[in-house]
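> only geometry, no sequence info:
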């Protein structure tokens, strides 16, 4: 499949992307990710490997768009759930803990 990443055209194929990522240890995921095989990789790491360009030269959206078109499953940044605020009574109870027996 032909796609453009960082203003450069690439002919990408799913099996070639899988082969390129074999043996590469996934970095910690802090943003968008893609599942290749049984591993979760950051999209920017995959983009750097398959394009041989610096990560600053392309966006995660460009690589995500190409990987989705190839049939990979991409995940967005996980949304942190807001912390539940405790009432003053619940907070005091939590600070005191359970009674010793």
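Yep, that arrived. None of these values were measured; they are calculated from a predicted model.

> ok, now which ones touch the most centrally placed residue in the chain?
With distances taken as CA atoms, centre = their mean, the residue of the chain nearest its centroid is residue 33 (1.9 Å). Neighbour list for residue 33: 40-43, 74-75 [criterion: CB atoms under 8 Å, 6 or more residues apart in numbering]. Using the backbone N, CA and C atoms, a C-beta is placed for each residue, glycine as well.

> same thing but 7 Å
Neighbouring residues of residue 33 by CB atoms under 7 Å, 6 or more residues apart in numbering: 40-43, 75.

> can you put the residues you listed in JSON lines and add secondary structure?
Output for the contacts of residue 33, formatted as JSON lines (DSSP: H, G, I helix; E, B strand; the rest coil):
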{"residue": "40", "secondary structure": "strand"}
{"residue": "41", "secondary structure": "strand"}
{"residue": "42", "secondary structure": "strand"}
{"residue": "43", "secondary structure": "helix"}
{"residue": "75", "secondary structure": "strand"}
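
> most surrounded residue in these?
Neighbour count (other CB atoms under 10 Å) singles out residue 43 as the most crowded of these, with 26 neighbours.

> re earlier: distance to residue 9 and pLDDT for the contacts of residue 33 - can I get that in CSV?
Below are the contacts of residue 33 laid out as CSV (distance: CB to CB, whole Å; pLDDT from 0 to 100):
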residue, distance to residue 9, pLDDT
40, 28, 94
41, 23, 95
42, 23, 95
43, 19, 95
75, 26, 91
